[in-house]
Structure formats: structure tokens, C-alpha cells
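> need a structure here:
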Amino acid sequence: MKLLTCQTLFPLPLYKGKKELLPMEEIKWRCVTSLLSRTFGQDTIETCLETVIDLEAIVRASYVDVIALDRYELATTMVFDGCFLLELVICESKLDLEIPIPFNGISPGIAVKKMEYVVSDLMLLENQIPIFILETLFVKLLGSSNQMREFIRNLALPLFGYSGKLMVKSTSHFLDVAYSYIEMGWMDTEVRQEQPQQHLNRCATRVKAASITILSLQNDGDINFKLTTHFDESKGKLEIPSLIITQTTEVKWRSFIAWEHHKKKLKTSSSSVADRHSICTSSALLFRDLICCSSDVQLLKDTRVIEDHTNKSNRDLVAIFHSMASGVDHGIIDHKQTTMCLALNAFPTKNYLTKIYILPRHYFSKISDWCYSSYKYLKRGYIFAAYFLSFLTFVQTCYAIIAYHFPPK
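Coordinates of the predicted model:
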């Protein structure tokens with residue numbers, strides 16, 4: 001699974017110094033200045049630096065890749081970006097009464113939180129700052145609070161559009177906080193057994209042609225990726241929670257998939273059910289299997305399984321769903337989905353007249369999509385020129401062969 005790369009927001013240890021990240025620096029400085037203006041004194045930033053320098057070994061151990069910064073540069077980066085994050089989660093917080101130094105109602109962070117690409121970058125795996133850094137900065141700058149880690153986690157949730165509180169014991173960073181929130185209540189207690197990798201052999205149109213009714217279920221409040229799909233074999237009903245597609249959906253989804261794969265790599269002696277969850281990877285593979293062409297996307301839109309708020313074309317959505325599942329590890333798929341795919345694949349067609357009526361239009365849509373993709377591919381000037389030159393070379397070669405074997409008399 002190839003991870004996303006930092007786009008605009010965080011020049012964290014792995015990306016420090018990249019030119020494309022500089023435009024955000026001024027905005028971040030304004031947020032940091034706003035936070036420092038409400039702290040216990042002007043010397044607190046030096047105290048934060050000294051404390052984070054002492055945590056250098058733990059900070060470096062929190063990242064997989066080697067960080068090519070000296071201890072002072074690393075501490076400066078952590079303090080700067082950590083203060084920026086604290087300002088974002090504190091401003092406009094409903095937990096303001098629990099913050100030792102209350103928010104005064106004026107902050108550039110309010111406008112920053114409305115920028116969708118900011119929230120997107122906050123979700124990237126390689127953009128994460130360890131939560132213990134934020135705890136340290138909070139205590140040094142604003143004062144202590146009860147159950148500090150839980151408090152910071154609940155401050156962060158509204159930043160990602162989640163309104164509840166997190167009921168888990170431990171999280172590592174903001175991506176882990178967001179993922180743990182959508183994971184709450186998910187149960188897959190079945191014992192995993194070694195079995196061949198299973199995937200759905202029927203796209204959405206073929207599922208409908210087999211007389212299976214596709215129904216949309218409302219997701220739990222603000223959770224968008226907790227796709228607890230259920231197939232009722234006796235009634236022939238496939239129930240899929242609705243997926244709301246916004247500008248940030250793709251980045252969030254990819255980040256959650258990356259985190260699931262990362263957790264799998266980190267898993268050693270732990271055997272808890274939570275460590276084996278792969279709800280976002282499973283849902284990506286399910287949609288990849290359900291969608292083979294634009295007619296499948298339209299069918300899922302008609303059944304309100306997909307709600308697109310981006311005005312993308314159906315063909316563009318096909319490309320997104322297919323790329324979402326590209327390169328994922330099928331070995332971490334949830335047992336529930338494996339069982340469901342087996343049942344859907346084995347479900348017999350009940351009405352062949354319906355199948356004959358539906359499938360020809362589906363094949364036409366697939367051919368249409370293929371022609372459109374070929375047209376877009378050939379539309380590129382250099383591609384067309386290359387194919388045209390290849391064709392001329394082929395024709396010239398044929399004439400040369402004919403002239404050699406059948407010379408003119």
C-alpha cells in the first residue's frame with residue numbers, strides 16, 4: 001500500500017525544508033502567536049524546547065523512517081507544529097471551560113479549520129505528531145488538566161467533524177484518534193482461519209441481476225467509513241451503509257487504510273480483536289468489487305448507497321474506487337466480509353428474464369467506458385503521435401516485405 005505524501009500543511013521531520021510547504025508557514029505562525037499570547041509567560045516557549053529536547057529519543061522512536069535533523073531542529077519542529085495543532089483544537093472548543101486559560105474568542109485558527117485541505121493534511125499518516133508532545137506542550141503553556149490524553153483526544157475530534165467522545169484507552173496521534181472513533185462498537189469476534197482470499201465476483205449490476213435487492217442504510221451519525229454491510233440470504237437483501245463523498249473523503253479513506261496496514265506491521269504479541277480490524281480496507285475492496293463501470297456507480301447512487309457531493313462524473317468515481325483498493329493487503333480483510341462475499345457469490349439467480357434484461361445494458365456501459373478511456377488516452381498529443389508513427393512504420397515494413405517477396409516484373 002503506497003502512502004500519501006504531504007501536500008501543503010506540515011513540514012514535519014520527514015519533509016522539513018520542502019519549498020511547496022512554505023506558503024502555509026505564515027498562517028501557522030499566526031496560530032502559534034495567538035496561542036502564545038494566552039500562555040503563562042514569555043519564557044514558556046524556551047521551557048517547551050528544553051523539555052522536548054529531553055524527549056528526543058522517544059520522538060525518534062515514534063517514526064519509522066530515520067529523521068535527518070539534529071536534536072534542536074527536531075525539537076523546534078515539534079514545538080512549532082505542536083503549538084499550531086493545539087491552537088486549532090482549542091479555538092471554538094465546546095470544552096473551553098475545562099481549559100485552564102480560556103479561549104478569548106479571537107484566533108486565526110477558526111478560519112484555518114474551514115480549509116478542507118488543512119483537515120486532509122492532518123489525516124495523513126506521515127503528518128502525525130505523537131500525542132505525548134501535545135500533552136507536554138499543553139501542560140507547559142496552558143496548565144495541567146485531569147486525564148490529559150483523553151482531554152486532548154476529545155478536543156481533536158470536532159476538528160475532523162466528529163461530535164462524540166472517544167471511549168478507548170490509548171491512541172498515538174490524531175489519525176489514530178479519528179480511526180479509533182469510527183472503529184468504536186465494531187465487532188468481529190470470529191476466529192480467523194487460514195482460507196483462500198475471497199472477493200466478490202459480482203458487480204452491483206450483476207448483484208441486481210441475480211434478484212438481490214441493494215438497500216442503503218444510514219451511517220451512524222458523523223461516521224462515514226464504518227461500512228457494516230449485511231447480506232440477508234433468506235430475503236435476498238444486501239444492506240450497505242451510505243457513503244458520503246466529499247472533497248476530503250478520498251484522503252481520509254486512504255489515510256485510514258494506511259493506518260490499518262501500519263498497525264498490522266507493528267502488531268507483535270498482541271492478539272486483541274481491535275488489532276485485527278480492517279474496516280476501511282474491507283470497505284475499499286467491497287466497493288472495488290461492486291463497481292466495474294459507470295453503470296454500477298449510477299446504480300449505487302440510485303439506491304443512495306453513494307451520495308456524491310463533489311459533482312464528479314461516474315467514470316471519475318470508478319477510477320477513484322479502483323485506485324483506493326490498489327495495492328492493499330488482502331490478508332487483513334475482516335472475517336465478516338469474507339463470509340458475506342462467499343454467500344453473495346453462491347447466491348443463485350432466481351429470475352433469468354431479469355438477468356437478460358439488465359446485463360446487455362451493463363455490457364454496453366462497460367464498452368462505452370472502455371472506448372472513453374481509450375479516447376482520453378489517445379487524446380494526449382504525444383501518445384497519438386507515437387501510435388501514428390508506429391502505424392506508418394508498420395505499413396512501410398509491410399510494403400518492404402511485399403516488395404522483397406513479390407518484386408515487380
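> which residue is nearest the centroid of this protein?
Nearest to the geometric centre of the chain sits residue 253, at 2.1 Å (C-alpha atoms, centre = their mean).
> for it, give me the pLDDT.
Residue 253 carries a pLDDT value of 88.
> check residue 81 too.
Residue 81 is assigned 91 on the pLDDT scale.
> I'd guessed it sits against residue 130; true?
No: counting by C-beta atoms under 8 Å, residue 130 is not a contact partner of residue 81; they are 11.2 Å apart. C-beta: built from backbone N, CA, C; applies to glycine.
> quick one: which of those two has more around it?
When residue 81 is set against residue 130 and neighbours are counted by other C-beta atoms under 10 Å, the residue ahead is residue 81, at 21 against 18.
> ok, residue 113 - contacts?
88, 91-92, 119, 159 (C-beta atoms under 8 Å, 6 or more residues apart in numbering).
> top of these by neighbour count?
In these, the most neighbours by other C-beta under 10 Å go to residue 88, 26 neighbours.
> count the neighbours of the closest residue to that one other than its chain neighbours for me.
Once flanking residues are discounted, residue 88 sits nearest to residue 109: 4.8 Å by C-beta to C-beta, 6 or more residues apart in numbering. Close neighbours of residue 109, defined as other C-beta under 10 Å, add up to 27.
> would you state the helices of the stretch 201-350 of the chain in chain order?
Using DSSP state H, counting those that start in this stretch, the helices of the stretch 201-350 of the chain run over 204-209, 249-266, 279-290, 294-302, 314-324, 335-346.
> what's the domain layout of the protein?
Listed domain ranges for the chain are 19-183, 204-361 (source: automatic domain parsing).
> let me have the contacts of residue 113 in JSON lines, adding pLDDT as columns.
Below are these laid out as JSON lines (pLDDT from 0 to 100):
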{"residue": "88", "pLDDT": "88"}
{"residue": "91", "pLDDT": "81"}
{"residue": "92", "pLDDT": "70"}
{"residue": "119", "pLDDT": "80"}
{"residue": "159", "pLDDT": "84"}
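> those in helices, which ones?
If you go by DSSP state H, the contacts of residue 113 have 88, 119 in helices.
> and which of the contacts of residue 113 is nearest to residue 72?
Using C-beta to C-beta, the shortest approach to residue 72 within these belongs to residue 88, at 25.0 Å.
> now that closest one: how far from residue 349?
53 Å (C-beta to C-beta, to the nearest Å).
> now the terminal residues of stretch 236-253, how far apart.
Start and end residues of stretch 236-253 are separated by 29 Å (C-alpha to C-alpha, to the nearest Å).
> buried ones in it?
By neighbour count on 16 or more other C-beta atoms under 10 Å, the buried set for stretch 236-253 is 238-243, 245, 248-253.
> chain center to that stretch, what's the gap?
Centroid separation for stretch 236-253 versus its chain: 11 Å, with C-alpha atoms, centre = their mean, to the nearest Å.
> show me what contacts the closest residue to residue 337 other than its chain neighbours?
Of all residues not flanking residue 337 in the chain, residue 282 sits nearest, at 4.5 Å (C-beta to C-beta, 6+ apart). Taking C-beta under 8 Å, 6+ apart as the criterion, residue 282 is in contact with 227, 333-334, 336-337.
> do residue 179 as well
Neighbour list for residue 179: 256, 259-260, 280 [criterion: C-beta under 8 Å, 6+ apart].
> buried subset of the residues you listed, written for PyMOL?
Selection command for PyMOL covering only the buried members of those, criterion 16+ other C-beta under 10 Å:
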select buried, resi 256+259+260+280
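> my guess is residue 164 meets residue 177, correct?
No: look at residue 164 against residue 177 with C-beta under 8 Å: they stay out of range, at 11.8 Å.
> okay, and the common contacts of the two?
Contacts common to residue 164 and residue 177, judged by C-beta under 8 Å, 6+ apart, are residue 157.
> quick one, the helix ranked longest in the chain and helix 314-324 angle?
Assignment by DSSP H gives helix 352-379 as the longest helix of the chain. Following axes from the mean of the first three to the mean of the last three C-alpha atoms, to 10 degrees, one obtains 90 degrees for the angle between helix 352-379 and helix 314-324.
> which parts of helix 352-379 are buried?
355, 358, 362, 365-366, 369.
> one more: stretch 139-156?
Buried residues in stretch 139-156 (16+ other C-beta under 10 Å): 140-142, 145, 148-156.
> ok, the residue nearest to residue 125 when sequence neighbours are not counted to residue 157 distance?
Using C-beta to C-beta, 6+ apart and skipping residues adjacent in sequence, the residue nearest residue 125 is residue 258, 4.6 Å away. To residue 157, residue 258 is 20 Å away according to C-beta to C-beta.
> one more: residue 127?
According to C-beta to C-beta, residue 127 and residue 157 sit 17 Å apart.
> neighbour count winner among those two?
More neighbours surround residue 127 than the other of residue 127 and residue 157, with 24 against 20 (other C-beta under 10 Å).
> I'd say that one and residue 121 touch.
Yes: contact criterion C-beta under 8 Å: residue 127 and residue 121 qualify, at 5.7 Å.
> isn't residue 163 right next to residue 154, touching?
No: between residue 163 and residue 154 there is no contact under C-beta under 8 Å: 10.5 Å.
> all strands for this protein, in order.
Using DSSP state E, the strands of the chain run over 213-217, 230-232, 237-241, 243-245, 306-308.
> can you say which of those strands is nearest to residue 402?
The nearest among those, by C-beta to C-beta, is strand 306-308 at 54.9 Å.
> where does the stretch 101-250 of the chain dip in pLDDT?
Within the stretch 101-250 of the chain, the ranges that satisfy pLDDT under 70 run 101-105, 145-146, 169, 185-198, 219-227.
> let's see 80
Flagging of the stretch 101-250 of the chain using pLDDT under 80 yields the residue ranges 101-107, 116-117, 142-149, 163-170, 183-199, 218-228.
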